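Peer 1: Pasting a predicted model and its sequence here:
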Amino acid sequence: MKEDRYEIRFGGSGGQGIILAAVIFAEAAGTYEGYHVCQTQSYGPEARGGKSKAEVVISRREIDYPKVIKMDLFLAMNQVALDAYFFDFKPNGILLADATFVEQVPTSRALVLPFTRIARDQLGKEIVANIVALGAVGTLCDKVSIESLEKAVIAKVPPEFMELNVKALRAGAEAAASVDLSFLPRSIVSEEEIEV
Amino acid sequence: MENELTHEKRVLQGNEAIVEGALAAGCRFYAGYPITPASEIAELMSIKLPAIGGTFIQMEDEIASMGAIIGASLAGVKSLTATSGPGFSLMQENLGFACIAEVPCVLVNVMRGGPSTGLPTSPAQGDVMQARWGTHGDHPIIVLAASSVKDCFEITVQAFNLSEKYRIPVIVLSDEVVAHTRETIVLPKLEKIEVVERIRPSVPPEWYIPYEDNSRGVPAMANMGSGYRHHVTGLVHDPKGFPTQRPDEVDAFIRRQYRKITNGFYEIQMSKTLMMEDAEIAVIAYGSVSRSALHAIKSARSNGIKAGLLQLITLFPFHKKAVDAVLRQCRSVLVPEMNMGQLVREVKRVNLSSKVFKYNRVDGQFITPDEIYDQLLRM
């Protein structure tokens, strides 16, 4: 049976807005792009700190298993979450990481951009780092357009923060678009593993 | 209310869909005490119910919550409470009262790891037997299990309908995965939803016999305060509602409780079969785990293994007929559960000579399709 699951994992620490980013992505895909979506999360009892993980599966068909099986994209907002949740990739999957809090990445098929620094320096609010990252997700993911993400952001945030968040989304999308991905290795799986 | 339901594709959590289902079914009273992973139900009810003239009360605990929804239902209002394991334990005493007094009400238990406060943020299916036998004494009860956001909506509507029709508490079992997964759902239009109301007395108040038997075994139910004065007690009672110890009355009372539910088996016992037509092995699952099972079965099929799925929606009264058919058809059956093996015993009891395997996970993690697929390969 043919599968058309597109799967994203968002990882970071509690308070970084990981779950919100996943929810917005799910709403963009489900409400504005017409996909079936499943958005799940796992988090500890603590509200801040610790690591938090959210996942989105989108498909043109009804989704059975609601969590990630093989990732197309992994957004890691800090080193701890990157190290903890870096597994289950599709061969052409790609890592997206926040250079502000990630020092080393375990693969060369990665796009490392300073989301939090962009939020702080260009937008003056560190809190929108998750939306900046979401913009980059929108650029890398060909299933959901930036326009749909923008509509979902507008529907989700309070009116007084709408402009800031839309700016953040665009800043992230542009940052990701300015990188030439053709220089990256074609598979995230190391060549030795493929031979075996 | 009508504009609350937009009939467009929306992304909702399982817990939110339970609220939408309850409101669509006519629920207008909620009493509860917040607890992870069920809190969103109370949160949303506290916003939505007052807006449509309903009542939301946050009670001091789950014992009182259960008492409050029984009271509201006796007064004629469809009532809901929601909780998780620790609260569910506290509700058992009053749940028994709802059973013996035949008070329709719906109780959602979003299962988390237990016992006691256990694992507050992790999924589990450890309360299956508690849902059936948590309150003491012989009693029938209806237990339904939801596996998706769509299920949460539909099963909650069903729960209210069955509860009203049979005058019985209905327990909806969900779990942390179902409760917190956000999924796309198109809510049906209100006029397309079948809503059942309890049958109220058609006789004048002075002729009303509150627990009088009839062909359905379900006595007509008058609203408290509507002039139909009657007595409600947790003691076994005669048709007039007063305590009795006369063996003939007690026997007739208990047997009527069972008869009314047995009569309704055809409609109460709900299940779904997927790819069962030519299946040689099968998975019997319920709740979120049935989704992992479905994925595993698709993988098995694409590798030439003839596997099928029986998803039980009604856990109790246990759907022997559907299970028996699967046990007869398949050479072996797997029952995966996020507990040490609770419903698998019911499955085995149906036919002791059939090959039934269990697969259990009790580490607070959701069972994955790969794990079930591995088990299928061994069958």
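Peer 2: Sure, I can see it. Numbers count the residues shown, from 1 in each chain, chains lettered A, B, ... in the order given.
Peer 1: State the helix or strand in which the most centrally placed residue in chain A lies.
Peer 2: Taking C-alpha atoms, centre = their mean, the centroid of chain A lies closest to residue A:75, which sits 4.0 Å from it. Using DSSP states H and E, residue A:75 falls within strand A:71-76.
Peer 1: next one: residue A:111
Peer 2: Taking DSSP H and E as the criterion, the element that holds residue A:111 is strand A:110-113.
Peer 1: And the next helix or strand past that strand?
Peer 2: Downstream of strand A:110-113, the first helix or strand assigned by DSSP H and E is helix A:115-123.
Peer 1: Identify the residues contacting the helix or strand following that following helix?
Peer 2: The element immediately downstream of helix A:115-123 (helix or strand, assigned by DSSP H and E) is helix A:129-140. Helix A:129-140 has contacts (C-beta atoms under 8 Å, 6 or more residues apart in numbering or on different chains) with A:8, A:12, A:16-18, A:20-21, A:24-25, A:73, A:75, A:77, A:94, A:96, A:98, A:100, A:111, A:113, A:115-116, A:118-120, A:123, A:144-146, A:149, A:153, A:165, A:168-177. All C-beta atoms are positioned from the backbone trio N, CA, C, and that covers glycine.
Peer 1: Go through these and flag which are in strands.
Peer 2: Among those, DSSP state E puts A:8, A:12, A:73, A:75, A:94, A:96, A:98, A:111, A:113 in strands.
Peer 1: Farthest-apart pair in the residues you listed, please.
Peer 2: Using C-beta to C-beta, these span at most 17.3 Å, a distance reached by A:12 and A:94.
Peer 1: Kindly report the residues of chain A close to chain B.
Peer 2: A:1, A:23, A:26-27, A:30-31, A:34-45, A:63-67, A:69 (C-beta under 8 Å from any C-beta of the partner chain).
Peer 1: From these, list the buried ones, please.
Peer 2: A:23, A:26-27, A:30-31, A:35-43, A:63-67, A:69 (16 or more other C-beta atoms under 10 Å in any protein chain shown).
Peer 1: What about those residues, which are in helices?
Peer 2: Taking DSSP state H, the ones among these that sit in helices are A:23, A:26-27.
Peer 1: which ones are touching residue A:100?
Peer 2: A:114-117, A:129.
Peer 1: which one is it nearest to, not counting chain neighbours?
Peer 2: residue A:116 (3.8 Å; C-beta to C-beta, 6 or more residues apart in numbering or on different chains).
Peer 1: hang on, isn't the one you found packed against residue A:101?
Peer 2: Yes. Using C-beta atoms under 8 Å, residue A:116 is in contact with residue A:101, at 6.6 Å.
Peer 1: pull the CA atoms of the longest helix seen in chain A into CSV?
Peer 2: What stands out as the longest helix in chain A, according to DSSP H, is helix A:162-177. The C-alpha coordinates for helix A:162-177 follow below in CSV (Å, rounded to 0.1, in the frame of the first residue of the first chain):
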residue,chain,number,x,y,z
MET,A,162,-0.1,39.7,14.7
GLU,A,163,2.3,41.9,12.8
LEU,A,164,5.3,40.9,14.8
ASN,A,165,4.5,37.2,14.2
VAL,A,166,3.9,37.6,10.5
LYS,A,167,7.2,39.4,10.2
ALA,A,168,8.9,36.6,12.2
LEU,A,169,7.5,34.0,9.9
ARG,A,170,8.7,35.9,6.8
ALA,A,171,12.1,36.5,8.3
GLY,A,172,12.5,32.7,8.9
ALA,A,173,11.3,31.8,5.4
GLU,A,174,13.7,34.2,3.8
ALA,A,175,16.6,33.0,5.9
ALA,A,176,16.0,29.5,4.8
ALA,A,177,15.4,30.4,1.2
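Peer 1: What average pLDDT does it get?
Peer 2: On average, the pLDDT along helix A:162-177 is 97.
Peer 1: Any buried residues in it, and which?
Peer 2: A:164-173, A:175-176.
Peer 1: That one: how far from the chain's middle?
Peer 2: Computed by C-alpha atoms, centre = their mean, to the nearest Å, the chain-centroid distance of helix A:162-177 equals 14 Å.
Peer 1: Quick check, residue B:145 in contact with residue B:316.
Peer 2: No. Using C-beta under 8 Å, residue B:145 is not in contact with residue B:316; the gap is 9.8 Å.
Peer 1: Counting neighbours, go ahead and name the busier of the two.
Peer 2: residue B:145 (30 against 24; other C-beta atoms under 10 Å in any protein chain shown).
Peer 1: one step back: same list, the ones in strands among the contacts of helix A:129-140, but as CSV with distance to residue B:311 please.
Peer 2: Shown next, in CSV, are those (distance: C-beta to C-beta, whole Å):
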residue, distance to residue B:311
A:8, 27
A:12, 35
A:73, 31
A:75, 33
A:94, 35
A:96, 36
A:98, 41
A:111, 41
A:113, 43
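Peer 1: pLDDT weak spots in the chain?
Peer 2: With no chain named, the answer covers chain A. A:1-2, A:43-49, A:191-196 (pLDDT under 70).
Peer 1: That was the other one, I meant chain B.
Peer 2: Across chain B (using pLDDT under 70), the flagged ranges come out as B:1-7.
Peer 1: Scan the contacts of residue A:100 and report the most crowded one.
Peer 2: residue A:115 (33 neighbours).
Peer 1: List the contacts of the spatially closest residue to residue B:142 that is not a sequence neighbour.
Peer 2: Excluding its sequence neighbours, the residue lying closest to residue B:142 (C-beta to C-beta, 6+ apart) is residue B:170, at 4.5 Å. By C-beta under 8 Å, 6+ apart, the residues touching residue B:170 are B:104-107, B:141-144, B:159-160, B:162-163.
Peer 1: Tell me the one of the residues you listed nearest chain A?
Peer 2: residue B:144 (19.4 Å; C-beta to the nearest C-beta).
Peer 1: so that closest one sits in a helix?
Peer 2: No. Under DSSP: H, G, I helix; E, B strand; the rest coil, residue B:144 sits outside any helix and is assigned strand.
Peer 1: can you tell me the helix or strand for the closest residue to residue B:217 other than its chain neighbours?
Peer 2: Nearest in space to residue B:217, with sequence neighbours left out and distances taken as C-beta to C-beta, 6+ apart, is residue B:260 at 3.3 Å. Assigning secondary structure by DSSP H and E places residue B:260 in helix B:247-263.
Peer 1: Look at residue B:299 and give its secondary structure.
Peer 2: helix.
Peer 1: What degree of burial does the residue lying closest to it once chain neighbours are set aside show, as a neighbour count?
Peer 2: Spatial nearest neighbour of residue B:299, excluding adjacent residues (C-beta to C-beta, 6+ apart): residue B:373 at 5.2 Å. By other C-beta under 10 Å, the residues close to residue B:373 number 20.
Peer 1: same deal with residue A:106?
Peer 2: Neighbourhood size, residue A:106 [other C-beta under 10 Å]: 11.
Peer 1: so how far is chain B from the closest residue to it other than its chain neighbours?
Peer 2: Counting by C-beta to C-beta, 6+ apart, residue A:106 lies nearest to residue A:86, which is 5.7 Å off, once chain neighbours are set aside. Distance, residue A:86 to chain B, using C-beta to the nearest C-beta, to the nearest Å: 18 Å.
Peer 1: Thank you kindly, that will do.
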